[in-house]
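Peer 1: A structural model of the following input is requested.
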Amino acid sequence: MKSIAPGKRFILGMMVSLLILLTSSGVFSQLQGKKVVMVVPLKDFWDIELTTVKEIFEQNGLMVTIASSTLKEAKGMFGTKIKPDVILSKVRGALYDAIVFVGGEGAIQYWDDPHAHRLVKTAFKEGKVLGAISIAPITLANTKVLKGRRATVWSTLGKRLEGSGAIYTGNPLEVDGNIVTANSYEAAEEFAKTILSMILQK
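Peer 2: Purely as a prediction, here's the structure:
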């Protein structure tokens, strides 16, 4: 029988644990009061990566704050619109249990953004759950928090991730320490549920 790689075995184990947790009536109450900030680009975020993840978070009791570069209405690649709650520069990572960067073409906006980098570094230092999906893991990579860690990203950016010192796997989802990365909108549901599981384990 073909053996399962350690990384995949870890994720598989987390998924099984999560399914058990999500069938428990106590999950919602366990997550009530927990907070997550989702960072979206002002334009061209990937709609599913926002809506699916946000919906799963809120259905399980998380309080979701939307952050962007301004308080102007943000617009997704396929027309989803959302009004940010807070300007990114004002976000204090210490107030949240998880920080999540939404992908899509517009996420390049934060690759070298000093406010995004400050938030990533603060979250990493304080042991918060840190997530990024699609092309957004490049924002994490550019702060060097992925150096020596297993991570994934939109397939065309694998070499760039490696250039930052990360161990690019090409898998749909990767977990290394408190950092969760996913490579596309197709992994959005698993991405959200993995983050939920990690918050529950804190």
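Peer 1: hey, which helix or strand in this protein has the poorest pLDDT?
Peer 2: Taking mean pLDDT, DSSP states H and E as the measure, the chain has helix 6-22 as its least confident helix or strand, at a mean of 51.
Peer 1: secondary structure class for T181?
Peer 2: Put simply, T181 is strand when judged by DSSP: H, G, I helix; E, B strand; the rest coil.
Peer 1: residues contacting it?
Peer 2: Counting by C-beta atoms under 8 Å, 6 or more residues apart in numbering, T181 touches G131, A132, I133, P137, L140, L146, A151, T152, V153, L173, E174. For the C-beta atoms, the positions are set from N, CA and C on the backbone; glycine is no exception.
Peer 1: tell me how far stretch 113-125 lies from the chain's centre.
Peer 2: Per C-alpha atoms, centre = their mean, to the nearest Å, the displacement of stretch 113-125 from the mean C-alpha position of its chain is 13 Å.
Peer 1: do stretch 52-70 as well
Peer 2: Distance, stretch centre to chain centre, for stretch 52-70: 11 Å (C-alpha atoms, centre = their mean).
Peer 1: in that stretch, what's buried?
Peer 2: Going by neighbour count (16 or more other C-beta atoms under 10 Å), the buried part of stretch 52-70 is 52-54, 56-57, 60, 62, 64-69.
Peer 1: next one: stretch 138-148
Peer 2: Within stretch 138-148, the residues that count as buried by 16+ other C-beta under 10 Å are I138, T139, L140, A141, N142, T143, V145, L146.
Peer 1: can I get the residues you listed in JSON lines including distance to P41, pLDDT and secondary structure?
Peer 2: As requested, the buried residues of stretch 138-148 are exported to JSON lines (distance: C-beta to C-beta, whole Å; pLDDT from 0 to 100; DSSP: H, G, I helix; E, B strand; the rest coil):
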{"residue": "I138", "distance to P41": "13", "pLDDT": "98", "secondary structure": "helix"}
{"residue": "T139", "distance to P41": "10", "pLDDT": "98", "secondary structure": "helix"}
{"residue": "L140", "distance to P41": "15", "pLDDT": "98", "secondary structure": "helix"}
{"residue": "A141", "distance to P41": "17", "pLDDT": "98", "secondary structure": "helix"}
{"residue": "N142", "distance to P41": "15", "pLDDT": "97", "secondary structure": "coil"}
{"residue": "T143", "distance to P41": "17", "pLDDT": "97", "secondary structure": "coil"}
{"residue": "V145", "distance to P41": "20", "pLDDT": "97", "secondary structure": "coil"}
{"residue": "L146", "distance to P41": "20", "pLDDT": "97", "secondary structure": "coil"}
